[in-house]
Structure formats: C-alpha cells, structure tokens
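In: Provided below for reference: sequence and predicted model.
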Amino acid sequence: MFGVFHPDRLECTVTSTLSAPATALDVSCTRLRALNAEYPRMYAVATMADEGKRRWWSLADDLGGDRVPRMWARSLEDVTDPDVAAMQVATALIHAVVGRVTALVVLEGRAWDPGLENLWIHMDSDEGIDWAGVADDTMRVLPDDPYAGAPRTVTVPCERALLLWTVHRSLTSLHAVFDAIARLTPIDASRFWGLVGEAVLGAATYVPILAGGGEAAAQRRGQGILDAFVAAGVPVRSKSRITRPHCGRLGQARKRLLN
C-alpha cells in the first residue's frame with residue numbers, strides 16, 4: 001500500500017540553505033585574519049548574530065558600567081604609573097573602534113559601521129580586549145567593488161565619501177570612549193586624540209606591509225582619514241603626538257602620512 005522504502009533516494013531539501021553565500025564582511029575578515037597568522041583577531045571583527053554573548057559587551061550599553069573600571073584596575077596591576085595605565089586602556093579601546101576599521105579601509109576600500117550602537121567588545125580572561133564585533137554587518141563599498149550592489153552592502157559614491165563616513169561613525173564611539181575613560185583616569189583630550197592618530201598611522205603603515213603590497217593606496221587613504229578627523233575638529237595629526245622612534249621602511253611610510 002505504501003510502496004517500498006528507498007533510503008538512498010531521500011533528498012534533503014534544506015541542504016542548500018545551510019551554507020549561505022559569503023558576505024562582503026565574511027570575505028574581508030578572512031583576508032584580515034590572514035594578515036597575522038599568530039593573531040588572526042588583530043584586525044578582523046565578528047558578526048554578533050553568529051556569536052554567543054559570553055565575555056561580549058555592547059559599547060553603547062556598557063561603557064557606563066564596570067567594564068572600563070575593570071580594565072583600568074587590571075592595567076594598574078601591571079604598571080604603577082596612572083598615566084601609562086590610562087594610555088593602555090585608551091589604546092585598547094581605540095584600536096577596537098578605529099584601528100580595526102582603518103585596517104580594512106586602507107586594505108580594501110571597504111568599511112563596516114564603527115558607530116557606537118553597532119560595536120561590541122570581547123574580553124579575555126585577563127580583562128583585556130581580544131576581539132570586536134558588529135551587530136549590523138552591512139558594509140560600505142566603492143562603486144568598483146565586486147560586492148557593490150550585493151546584499152548587506154551600501155555603495156558610496158567615491159573614496160572620499162567612504163573616509164568621511166567612516167570617521168563620522170567612528171567619532172560617535174570615540175567620544176563616548178573618551179568620556180568613559182576620562183571619568184576614571186588622568187588622560188586628557190589631546191593625549192587621547194593623539195592615540196587615535198597613532199591607531200590610524202599604525203594601520204596605514206603596517207597593514208600593506210603585512211599584505212605584501214598596496215602601500216600607495218594605504219597611504220592615500222590613511223591621509224584621508226587623518227584629514228577627516230582634523231576637519232571634524234579633533235587633533236590627531238600633530239607631529240608632537242608621535243613619540244616613538246621609527247626607522248627604515250616603516251619610519252619613512254609614517255613620515256609621509258604625517259606630512
């Protein structure tokens with residue numbers, strides 16, 4: 001009545017839906033992870049829809065909680081100088097906000113949204129930041145990008161528009177980060193924004209070297225990001241902010257970005 005059962009003829013109708021096409025963010029983060037095999041999370045971000053919430057916290061919701069005080073307390077255990085400890089905390093948060101997205105901008109001319117309401121932070125067991133995530137994985141891309149017009153992308157008209165948008169969105173996070181750190185530590189605004197400039201310089205200098213090329217585009221985009229910050233009224237490009245000596249190829253690249 002029911003016929004013969006043939007298990008070898010069964011077909012799974014949902015198989016094709018289990019592996020969704022890679023998004024622009026997926027592809028970009030694969031490349032970012034490959035820049036440093038020992039520290040694949042150095043520049044990449046996670047998509048929060050794919051992550052549990054353990055050790056994650058929202059930049060928008062939790063900056064006023066105990067996360068920054070815990071980072072500050074842990075830093076003070078490592079160094080006795082409050083100024084140095086404050087800079088350690090600031091540097092970690094600044095990298096999460098702007099260092100990571102700058103790496104992608106200079107490498108591929110793409111950007112995820114580094115805005116306050118979109119960023120999440122992942123802590124390791126020692127109260128240090130070891131990853132960042134985005135709630136909305138929509139990417140801004142240029143008109144000639146292979147993913148222009150694809151789902152989860154917004155095409156911006158030109159490179160300058162991409163840089164201005166990235167800086168505008170980063171500032172929503174950076175202002176909140178500075179306020180949270182300044183409530184606890186002796187850091188001042190000029191030092192904080194100098195560290196922001198350092199983060200941009202670091203990404204624009206090191207990422208193309210790690211990638212094995214693209215230095216001209218990285219320097220141009222790094223310059224554009226720094227200029228956009230200055231135009232927004234934050235002093236990120238002063239030579240006095242750069243105190244560490246550099247020589248050779250890296251030093252020459254950094255000097256070109258500063259001039």
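Out: Nice, I can see it.

In: can you tell me what sits against stretch 78-86?
Out: Outside stretch 78-86, the residues within contact range by CB atoms under 8 Å, 6 or more residues apart in numbering are 72, 75-76, 88, 181, 185-187. In short, each C-beta sits where N, CA and C put it, glycine included.

In: make JSON lines out of those and add distance to residue 216.
Out: As requested, the contacts of stretch 78-86 are arranged in JSON lines below (distance: CB to CB, whole Å):
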{"residue": "72", "distance to residue 216": "40"}
{"residue": "75", "distance to residue 216": "37"}
{"residue": "76", "distance to residue 216": "42"}
{"residue": "88", "distance to residue 216": "33"}
{"residue": "181", "distance to residue 216": "35"}
{"residue": "185", "distance to residue 216": "38"}
{"residue": "186", "distance to residue 216": "40"}
{"residue": "187", "distance to residue 216": "34"}
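
In: among these, which lie within strands?
Out: Using DSSP state E, the subset of these located in strands is empty.

In: just the buried ones from the residues you listed?
Out: With neighbours counted by 16 or more other CB atoms under 10 Å, these contain buried members at 72, 75-76, 88, 181, 185, 187.

In: now, among the contacts of stretch 78-86, which is nearest to residue 202?
Out: Nearest to residue 202 among these, counting by CB to CB, is residue 88 at 15.1 Å.

In: test for you: state the pLDDT assigned to the residue lying closest to the closest one once chain neighbours are set aside.
Out: Among residues not flanking residue 88 along the chain, residue 75 sits closest, at 4.7 Å (CB to CB, 6 or more residues apart in numbering). Residue 75 carries a pLDDT value of 94.

In: perfect, I'm done here.
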